[in-house]
Each structure stands twice: as C-alpha cells, then as structure tokens.
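1. 3D, please:
(2 chains)
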Amino acid sequence: MLNFLSLIKNEQIKLYTRMGTWSMYIILFAIMLIASLIVVFFGEADEQKYGDDWQAQVTAETEELKEAQEEMEFAAFDSEIAKNEYYLENDIKPHPYDAWQFTLENAGLAMLISLFTIIIAAGIVSNEFKWGTIKLLLIRPISRTKILFSKFVTVLLFSISMQIFLFLISLLIGLIFFGMNGLNPNIVQMGTEGIEEVSVFSEIITQYGLYMVNLIMMATFAFMISTIFRNSAMAIGLAIFLMFTGNTIISFLSDYDWAKYILFANTNLRQYIGDGSPVIDSMTLGFSITVLAVYFVIFLLVSWLSFTRRDVAGN
Amino acid sequence: MDISMELQNVHKTIGKKEIIKGLNFSIRSGEVFGFLGPNGAGKTTTIRMMVGLMKITSGDIKINGISIKDDFKGAIQHVGAIVENPEMYPFMSGWKNLKHYARMIPGITDERIKEVIKLVGLEKAIHEKVGRYSLGMRQRIGIAQALLHNPSILILDEPTNGLDPAGIREIRQYIRNLAEQEKVSVIVSSHLLSEIELMCDRIGIIKNGELVTVEEVNEEQENDQHVTVKLEVNDNAQAMTVLRDQLGLEVSEQQSILMLQIEKNDVPNLVKRMVEENIEVYEVALERSSLEDKFFELIGENTIA
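-> A predicted model of the protein is given here:
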C-alpha cells in the first residue's frame, strides 16, 4: 500500500511539475472571472433585487413573460412563470442573485473540466512512451498493474481537484461580486413533479455530481485509447470527438431500441432528474447506471490487458 | 565461479519472424560482458527480455537463479539498466528524477542518492533540469538511476552511443570501477567493437539472433604464439632484405608499413637485428586483437546490416 501511495505521489509530481497542468487551472479561473464580469455588467443580478413591494414586481414580471409567450411562437417561459406563481402563492420573497446561484450556474464549466481531464488521461500513459521513460518505469520491482492503476487514480484525483477548485473559486468570486444569502438557502426550481424547493447546496452537489459521471466515462475512454495506441493525440481527438458528437449520434438512432445500450445515451443522467425526459422511453436510472458500470469496467479491463500483456518494443 | 545471469535457450518470435534464435550464455559475477553485434542483430531485443520489457517466447532468463518469467519482482530487483537511450523526464531536475525512481524501491535513502550522484560526478548539475543536460550528462544520470538500489547486475545498452572519445573513456572507467570495486556484473552492448573492447572481460558476438561466439578479451598471450607485427622503419627496402634473407620471414608491405607473422619469442631478436643493421625503427606494434579479425570475419566490414 505504501508502495502504491508513493507511485501516486510520483504521478502527482510529474503532473504538477509541468506548466501545462497549471495553465488548465489558470484558464478555468479566467473563465470564471469573465463569467462573473458578464453577470455583473450585463446580467440580471440587479433586476432581481426585489424591494418591499416584491409581490407587485413579480406579478408584473409574470405578466410580461405571459405576453412574450403568446407573441413568440417558440418562447418557453413556462418554468419561469410557474416559479413566479409559486413565489406568490407561498409568499416567498425571491432571493437576489448570489454566490450560490453563480456557483450553481458554473456547474456547466464541468464541460471544460472534462476536456482537461481527457487531455490528462490521454497523456498519462502515452507520454511515458513518448518520452521513453516507460522503459525505466517498468523495470522496477513493481507490477505493471499497480503502475497503471496509480496513473488512473491520478487522473481521478486531478478531475476531483479541478471540481473542488471550480466550486471554491466560484463561491469566492460570487461572494466578492454578488454576496451570499445565508449559508445554505433554499432555491425554487422545476423538479420532476412540478415546482419544488430545495437546498442550494444539495442542488450544487447533484449538478456537479451529474457532470462528473460524463467526465469520468470520457476520461476512462481516453485513458483506454491512450493505453492501447500509446498515442495521446489519437486519444484526445477520439474522446473529444465522441464527447461532442455523442448526443447527435444518439438523436439519430433514438428510433431504435438498441440505441439505449450506447454509452452516450446513458452518460447524461440529468435526463432522469428535474424536467428532463429519457432519450429512449424504456430507459430508467437503474438501467443507465448499470450500462455505465459495464462500460467503465470494460474500458479499464481493456487498458489493463493492453498495458500488462504487451511488449514494450522499440520506438 | 558464480553466475549472475543465465540465458537458457532464449527464443523470441514477433509475428512470424524469429528475431532471437536460441541464445545460451551466462554472465559471471563481477565481470564486464560485452554484447556485440551489428544493428538489428537482436541486441536490444535480448536486453529487453532480460529486464522483462518483452516476453520470452520460449526458454528462460535467470537472474541470480531467479527466473524473470516466473518471479519478475524477485529477479528485477537485482538489476539496474539503461535500455537504449537514458531517457529521463526532461521537465524535472536530475535530483527529482532520481527521487522519482528511488520512491519505486523501498529503502533508498537520500544519502544513497547523493552517494550515487557523487559516483557519476553530477554534483554540480543535479538541480538543473534534465532537458538541459548534454548527452554525456544524460548517460551519467542514466547510470545513476540504474545504480540506486545497489544492483548486482548492471545492463547498459549502447552506453557509448553519441558520446565523444573523452566521454567514452570516462564511461569506460566508471564501468571498470564498478566491476572491480563494487563487484557488479556489467553487460554492455554495442555495435562497435572498438568502443567496448577495452572495458570488457568477455565479448559475445550476436548476429541475426544467434550467438556466434564468446571470446575472452585480453587473454595473456603465450610466448610461442604467432602474432602479427607491424613495423615502421626509415628504410623499408633494406629492412625487407634483412627480414627475408637473414631471418627467413615472409614480409608484406601495406601503406609503407611492414607486416609479418612471427612467434612472440622472436620479437626482441628481430628488433635487435634491425638496430644492428642501422635501420631506424619508429614503431613495433603487436597486433594482438584476433578479436577484431574475428569480428569482421563474422560480421563483415559493413556493420550496418
């Protein structure tokens, strides 16, 4: 075990000695900062600061939305309207935009974290081949299995640390620009069975967690490709291509029932939560989790077979 | 005599091609064994099998009696190696690179790392990034990483590759020191005889995946042995007359140097005769390397096969 921990330490050092890794954190930080500035200058942050006569304000706003709904054919303000009606009915004063809200919205930046994690996962094995250091790595009294899994764990640790970074910095930037409505305020949002009131913290955890599913699947896929082909460009390209086209592929194939066994039909677990609806009607949350688990095990198994069984031949 | 590594009928087939066709030889404890052959003869493939990077198709390799096939961890812990180029993480310092490898084997202290750095003479550059190292420094850090865990066998694949003559000389001295003082068995591979001849106790020649011969280097020449003598004198014509007529020897002339075959016993006498005849002798050289002839005979002049 001590052995395995020092392997992980080695991987961490190799990862964070390189400037490229830090630049990922810097890019993420910059994007959060830009997002906050956009909200500050162009956003609805100010508009939502309701005064004492908030009931009148909300009613007026609802009327506007209803008009817009009728004028424009494709406008969909149903959930907004429903939310406002909920506020009025239950006599809840809407919270102004705050750090929690900002953090919740930034959950979408997990896409960027997926991208970065794919890059790390695609390089962590293949770079050792590119640098030629794999030869020195594999002639130590340590099994190849341990070395491979120390690398996979490092990828997971990287993505988790990025998520934590995203969460904490979002909260911090949000706090500076928008302030905070208490430590764990409730927010009103569209749930599976109409409007519901949930704690913001649990909602943030849910959102981040759901993105994490997609992230881990794509990173594991990139990790597998990089182990098989020993080439990071190939792994990055393929994983990113599939990440962006996956949903399109599924929508083409959604008429066929077997499409539900495709990885991308299942990576978005948000389809079972809130106002989402499953890609294919017969799919359930349990089904998707099972499919994801099977893919995950297959990806790791293929990586493991490829890494432990094959010769390390010349370049 | 103790055997530190033994190859038993080792075969390697890649696809349908048989790359290594049954190697049998052993390395004695504390000797420097040269592994010589033209490019593509199977040296690196053999070395990769010795350190477990490649699987052995059939046969076995035993390191201190432990099979690398059956007990990889048990066998490899006695081995330190550089396979092909000594590649390190270019973005980390020499020290960090060594620490990295040290963490993979329990019980390597910082003192040991410093000791190894001193041994290879890298104290000054150890905190610089390896990416900025010269080729010679990279060879040294490569040797350092191979020595960290006090291995009883050191495998160096083409350690002189790309080094200048001074660098080659330096490496040669390290290797001799290691073998003599630390009793490490060293296997060095090369495609150039001249680069490893002076550091090896024995040389095995490999060609097309087969071991052609294993030769002792620097064996004491018996006095009644025939040797080839090269003579450089001021007057070739006179010297040839003396050698042919008075000593009854066969002499040939190559690029104004006289070549002849005599018994080693007769060499002093020959020199004496020359001096008596007032011939000025610039150089008398015994060409003792039967190895070089053998190498060329076996491999052919063109080493790029």
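
2. Tell me who's in contact with the closest residue to B:Ile108 other than its chain neighbours.
-> Leaving out its chain neighbours, the residue that sits closest to B:Ile108 by CB to CB, 6 or more residues apart in numbering or on different chains is B:Ala102, at 4.1 Å. From N, CA and C alone the C-beta is placed, and that goes for glycine too. By CB atoms under 8 Å, 6 or more residues apart in numbering or on different chains, the contact list for B:Ala102 reads B:Ile108, B:Arg112, B:Ile113, B:Leu148.

3. Test my guess that the last one contacts B:Gly80.
-> What it means is B:Leu148. Yes. With contacts counted by CB atoms under 8 Å, B:Leu148 reaches B:Gly80, the gap being 7.2 Å.

4. neighbour count winner among the two?
-> Set B:Leu148 next to B:Gly80 and count neighbours by other CB atoms under 10 Å in any protein chain shown: B:Gly80 wins out with 26 against 20.

5. mind giving me the domain ranges of the chain?
-> Answering for chain A, as no chain was given. Chain A breaks down by automatic domain parsing into domains covering A:2-42+A:97-309, A:50-95.

6. nope, chain B
-> Domain segmentation of chain B under automatic domain parsing yields B:3-216, B:226-287.

7. worst average pLDDT in those?
-> Mean pLDDT values for these show the minimum at domain B:226-287, a mean of 83.

8. picking up where we left off before, where's the residue nearest to B:Ile108 relative to A:Lys9, distance?
-> 12 Å (CB to CB, to the nearest Å).

9. can you check B:Met54 too?
-> 29 Å.

10. Same question for B:Gly65.
-> 33 Å.

11. Between B:Met54 and A:Lys9, point out the one with more neighbours.
-> A direct count of neighbours by other CB under 10 Å for B:Met54 and A:Lys9 places B:Met54 higher, at 22 against 15.

12. contacting residues around that one?
-> B:Met54 sits next to A:Asp311, A:Val312, A:Ala313, B:Lys12, B:Thr45, B:Arg48 when contact means CB under 8 Å, 6+ apart.

13. Surely it is within a strand?
-> No. Counting by DSSP: H, G, I helix; E, B strand; the rest coil, B:Met54 is not part of a strand but coil.

14. burial measure for the closest residue in space to B:Ser190 that isn't next to it in sequence, as a count.
-> Nearest residue to B:Ser190 in three dimensions, chain neighbours excluded: B:Ile196, at 4.5 Å (CB to CB, 6+ apart). For B:Ile196, the number of neighbouring residues by other CB under 10 Å comes to 27.

15. from what I can see B:Ile196 touches B:Thr160, true?
-> Yes. B:Ile196 is within contact range of B:Thr160, at 7.1 Å (criterion: CB under 8 Å).

16. Give the residues shared as contacts by these two.
-> Shared contacts of B:Ile196 and B:Thr160, counting by CB under 8 Å, 6+ apart, come down to B:Ser190.

17. Scan chain B for its longest helix.
-> Secondary structure of chain B per DSSP state H: the longest helix is helix B:165-181.

18. Please determine how far the nearest residue to B:Glu280 once chain neighbours are set aside is located from A:Ser161.
-> Nearest-residue entry for B:Glu280: B:Asn234, 4.2 Å, with adjacent residues in sequence omitted and distances by CB to CB, 6+ apart. B:Asn234 sits 81 Å away from A:Ser161 when distances are taken as CB to CB.

19. And for the closest residue to chain B within chain A, the neighbour number?
-> Shortest chain A-to-chain B distance, computed as CB to the nearest CB: residue-wise this is A:Gly132, at 3.3 Å. Neighbour count of A:Gly132, defined by other CB under 10 Å: 15.

20. Can you add mean pLDDT and give the domains of chain A back as a markdown table?
-> Formatted as a markdown table, the domains of chain A follow (pLDDT from 0 to 100):
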| stretch | mean pLDDT |
| --- | --- |
| domain A:2-42+A:97-309 | 88 |
| domain A:50-95 | 71 |
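
21. Which stretch among the ones you listed is buried most, on average?
-> domain A:2-42+A:97-309 (a mean of 18; mean count of other CB atoms under 10 Å in any protein chain shown).

22. so what's B:Ile56 up against?
-> Counting by CB under 8 Å, 6+ apart, B:Ile56 has contacts B:Val10, B:His11, B:Lys12, B:Met49, B:Ile68, B:Lys69.

23. Report the separation between the fourth one and chain A.
-> By that I understand B:Met49. 9 Å (CB to the nearest CB, to the nearest Å).

24. Surely that residue forms part of a helix?
-> Yes. Assessed by three-state DSSP, B:Met49 belongs to a helix.

25. so what's it closest to, chain neighbours aside?
-> Per CB to CB, 6+ apart, closest to B:Met49 is B:Ile56, 5.1 Å.

26. for the chain, what spans make up the strands?
-> Using chain A. Ranges of strands in chain A, per DSSP state E, are A:186-191, A:194-199.

27. Please refer instead to chain B.
-> Remark: strands assigned in chain B by DSSP E are B:3-14, B:17-28, B:32-36, B:58-63, B:66-67, B:79-82, B:153-157, B:185-190, B:202-207, B:210-216, B:226-233, B:251-254, B:257-263, B:281-287.

28. residues contacting the closest residue to B:Asn64 other than its chain neighbours?
-> Distances taken as CB to CB, 6+ apart put B:His78 closest to B:Asn64, at 5.2 Å, once the chain neighbours are dropped. Neighbouring residues of B:His78 by CB under 8 Å, 6+ apart: B:Ser4, B:Ile63, B:Asn64, B:Ile66, B:Pro151, B:Ser152, B:Ile153.

29. can those go into a markdown table with extra columns for neighbour count?
-> Listed next are the contacts of B:His78 as a markdown table, based on neighbours: other CB atoms under 10 Å in any protein chain shown:
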| residue | neighbour count |
| --- | --- |
| B:Ser4 | 25 |
| B:Ile63 | 26 |
| B:Asn64 | 18 |
| B:Ile66 | 17 |
| B:Pro151 | 20 |
| B:Ser152 | 19 |
| B:Ile153 | 24 |
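
30. May I ask which two of those are separated the most?
-> Distance extremes for the contacts of B:His78: the farthest pair is B:Ile66 and B:Pro151 at 13.2 Å, using CB to CB.

31. neighbours around the residue nearest to B:Arg140 when sequence neighbours are not counted, how many?
-> Nearest residue to B:Arg140, sequence neighbours excluded (CB to CB, 6+ apart): B:Val120, at 4.2 Å. When neighbours are counted by other CB under 10 Å, B:Val120 registers 22.

32. Equivalent analysis for the one 10 residues further on, please.
-> The local packing count at B:Val130 equals 22, with neighbours defined by other CB under 10 Å.

33. Quick check: nearest residue in space to the residue nearest the centre of chain A, chain neighbours excluded?
-> Residue closest to the average C-alpha location in chain A (CA atoms, centre = their mean): A:Tyr211, at 2.9 Å. The shortest distance from A:Tyr211 to any non-neighbouring residue, by CB to CB, 6+ apart, is to A:Ala110 (3.3 Å).
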